[in-house]
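Chemist: Have a look at this fold, sequence not included:
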């Protein structure tokens, strides 16, 4: 049997902001097709960890390997090291605050990467973008500008924008935290369909029910370390540590 | 009762027109050079190289914290002594005006770029765009819209600042007005007319700046 290579492997990752050590020696393998949920109290390092995976934050120490190649903290890679440009083509990201480009229409937001980075023709990029808008249920908004969309619509466009790069891994950093409660469902539905379609994902979330439902593995982070890790059933329904039990109790009314 | 006599002064309309043309050319030249200098200084200040940042900062403070008139006089009378070559009033005037306005433009550009949410940079980076692509396609289009009112206002000031070239006998509007005055002995009419001419040139520009500012507020 062939041993599968992790999509992303993290080895001894540390990250400090000044004197504050946010990540303390993290080891992690993300396998293709896996949906990894990162949970934990604020300040536990989960957002920093996911942001290190595509070099939005430069690690202070340790290694990140993407498809077996070590990531270098510069835009262009070398023969054996993958640069940030290539890394981010392979590993997409969706942000808490959407970060859509306000001066571009919905369609142009989605085609910007494929056209400018992947050098696709406008026609090719727009056809693919319309497909993606169909997947997220927003074909009628193709010509609209971000300012005219609801939060849920913005986040679905942001997901389509990330998917337009055909990434191997998708990072979702608290993508429903800035949404009104009634808009969370439409975004989660899109993510669930991606998970069902076999997309490799890492999601930082406060939606415990959703993590239990969609994740294949859950990691509980605390004080910059991986405190517990396992199947959603183990972590969320049978927490071992008091800290995790205490953390989870805050989500059950 | 003062006896207004615009007729005499208007006999010299051609002199005023020469002045307006010169004022326009110095403004245009110094705005174009100023934009180039300002962009260079702005990106130097945003650079990760400390030396570049310090050089750009020093240039900016030097030109922002000394009077333009002193700079013009220095460039025309003192600089030739330092360099040992003569400098025409055209060169001294254009160079000083450009460096002066460039130091202010740099600050306007920098402010506009820094005002763009850092999430925009991250979103562009997250789809694999290079820093240059991010700047040109994502940051600048948004920043330029924000900078426009301040940029136009600074350029309006620049039109008026060309009048300081009077001191080194550049034939711009104020200088030419003084020529008309010495020929006609009609200072009240001559300088009033000059003021009206400046006003007619600049009032539309300030209106354009206000328009952009209102539009920007609406779109925010």
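Modeler: Good, I have the coordinates. Since the structure is predicted, the reported quantities are computational estimates derived from the model, not experimental observations. Numbering: from 1, shown residues only, chains lettered A, B, ... in the order given.

Chemist: Residue B:217: what secondary structure?
Modeler: Using DSSP: H, G, I helix; E, B strand; the rest coil, the structure places residue B:217 in helix.

Chemist: how near is it to residue B:143?
Modeler: To residue B:143, residue B:217 is 16 Å away according to CB to CB, to the nearest Å. Quick note: C-beta positions are derived from backbone N, CA and C, even for glycine.

Chemist: Of the two, which one has the most company?
Modeler: Neighbours were counted for residue B:217 and for residue B:143 using other CB atoms under 10 Å in any protein chain shown; residue B:143 has more, 21 against 9.

Chemist: May I ask which helix or strand encompasses that one?
Modeler: helix B:140-161 (DSSP states H and E).

Chemist: could you give me the average pLDDT of the following helix or strand past that helix?
Modeler: Using DSSP H and E, the helix or strand that follows helix B:140-161 in sequence is helix B:173-184. Taken as a whole, helix B:173-184 has a mean pLDDT of 94.

Chemist: Get me the contact residues on chain A for chain B.
Modeler: Residues of chain A lying close to chain B by CB under 8 Å from any CB of the partner chain are A:54, A:56, A:75, A:84-86, A:88-89, A:92-93, A:95, A:97, A:99-103, A:112-113, A:116-118, A:147, A:158, A:161-162, A:164-165.

Chemist: contact partners of the helix holding residue B:143?
Modeler: Helix B:140-161 is contacted from outside by A:101-103, B:23, B:27, B:30-31, B:34, B:68, B:97, B:100-101, B:104-105, B:108-109, B:111-113, B:115-116, B:120, B:198, B:201-202, B:205-206, B:208-210, B:212-213, B:216, B:219, using CB atoms under 8 Å, 6 or more residues apart in numbering or on different chains.

Chemist: which among the residues you listed end up buried?
Modeler: A:101-103, B:23, B:27, B:30-31, B:34, B:68, B:97, B:100-101, B:104-105, B:108-109, B:112-113, B:116, B:120, B:198, B:201, B:209, B:212-213 (16 or more other CB atoms under 10 Å in any protein chain shown).

Chemist: Quick one: low-confidence residue ranges for chain B.
Modeler: Along chain B, the model assigns pLDDT under 70 to residues B:219-220.

Chemist: need the residues of chain B near chain A, please.
Modeler: B:117, B:119-120, B:122-131, B:133, B:137-138, B:141-142, B:145, B:219.

Chemist: what about residue A:176, which helix or strand?
Modeler: Using DSSP H and E, residue A:176 maps to neither a helix nor a strand.

Chemist: and it, how many residues sit next to it?
Modeler: 24.

Chemist: if I look at the most centrally placed residue in chain B, how far off is residue B:41?
Modeler: Among the residues of chain B, the one closest to the centroid is residue B:158, at 3.5 Å (CA atoms, centre = their mean). Distance of residue B:158 to residue B:41, computed by CB to CB: 16 Å.

Chemist: rewinding a little: run the angle between the helix holding residue B:143 and helix B:173-184 for me.
Modeler: With axes from the mean of the first three to the mean of the last three CA atoms, to 10 degrees as the basis, helix B:140-161 and helix B:173-184 are set at 20 degrees to each other.

Chemist: how about helix B:140-161: buried residues?
Modeler: B:140, B:142-143, B:145-156, B:158-159, B:161.

Chemist: cool, stretch A:132-144 as well?
Modeler: Going by neighbour count (16+ other CB under 10 Å), the buried part of stretch A:132-144 is A:132-133, A:135-136, A:138, A:141-142.

Chemist: Just to be sure, which of the residues of chain A next to chain B are found in strands?
Modeler: The strands, defined by DSSP state E, take in A:92-93 from the residues of chain A next to chain B.

Chemist: Would you show me how to pick out the buried ones of the residues of chain A next to chain B in ChimeraX?
Modeler: To isolate the buried subset of those in ChimeraX, counting by 16+ other CB under 10 Å, use the following:
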select /A:54,56,75,84,85,86,88,89,92,93,95,97,99,100,101,102,103,112,113,116,117,118,158,161,162,164,165
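
Chemist: So which of the residues of chain A next to chain B sit within helices?
Modeler: Judged by DSSP state H, the residues of chain A next to chain B include A:84-86, A:88-89, A:112-113, A:116, A:158, A:161-162 as members of helices.

Chemist: Please identify which pair of the residues you listed lies farthest apart.
Modeler: Farthest pair in those (CB to CB) is A:86 and A:158. Separation: 21.5 Å.

Chemist: hang on, the earlier thing: now render the ones in helices among the residues of chain A next to chain B as CSV, adding pLDDT.
Modeler: As requested, these are exported to CSV (pLDDT from 0 to 100):
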residue, pLDDT
A:84, 92
A:85, 92
A:86, 92
A:88, 95
A:89, 94
A:112, 97
A:113, 96
A:116, 96
A:158, 96
A:161, 97
A:162, 96
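
Chemist: with those in mind, which one is nearest to chain B?
Modeler: Chain B lies nearest to residue A:113 out of these, by CB to the nearest CB, at 3.4 Å.

Chemist: check contacts around the closest one.
Modeler: For residue A:113, the contacting residues are A:161, A:164-165, B:127-129, by CB under 8 Å, 6+ apart.

Chemist: again, but for residue B:49
Modeler: Neighbours of residue B:49 in contact, by CB under 8 Å, 6+ apart: none.

Chemist: now swap in residue A:11 and tell me
Modeler: Going by CB under 8 Å, 6+ apart, the list of residues near residue A:11 reads A:27, A:62-65.

Chemist: List only those of those flagged as buried.
Modeler: Neighbour counting over these (16+ other CB under 10 Å) leaves A:62, A:64-65 as the buried ones.

Chemist: If we only consider these, which is nearest to chain B?
Modeler: residue A:64 (15.5 Å).

Chemist: need the contact list for the closest one.
Modeler: Residues in contact with residue A:64 (CB under 8 Å, 6+ apart) are A:8-11, A:13, A:52-53, A:55, A:70-71.

Chemist: and residue 42, backbone torsions?
Modeler: Using chain A. The phi and psi values for residue A:42, taken as degrees, to the nearest 10, are phi -70, psi 140.

Chemist: contacting residues around it?
Modeler: The neighbourhood of residue A:42, defined by CB under 8 Å, 6+ apart, contains no residues.

Chemist: pLDDT score for it?
Modeler: The score at residue A:42 is 87. That number is its pLDDT.

Chemist: One more: the one 10 residues further on?
Modeler: In the predicted model, residue A:52 carries a pLDDT score of 95.

Chemist: looking at this, it is in a strand?
Modeler: No - Residue A:52 is assigned helix when assessed by three-state DSSP, not a strand.

Chemist: Surely it is in contact with residue A:16?
Modeler: No - applying CB atoms under 8 Å, one finds residue A:52 not in contact with residue A:16, separated by 11.8 Å.

Chemist: Indicate the residue of the stretch 151-253 of chain A located nearest to chain B.
Modeler: residue A:165 (5.6 Å).

Chemist: Contact partners for that residue?
Modeler: Residue A:165 touches A:89, A:92, A:113-114, A:117-118, B:127-128, counting by CB under 8 Å, 6+ apart.

Chemist: returning to what we had before: which one of the buried residues of stretch A:132-144 is nearest chain B?
Modeler: Minimum distance to chain B across those is 13.2 Å, recorded for residue A:132 (CB to the nearest CB).

Chemist: What strand or helix carries that closest one?
Modeler: With elements taken from DSSP H and E, the one containing residue A:132 is helix A:122-135.
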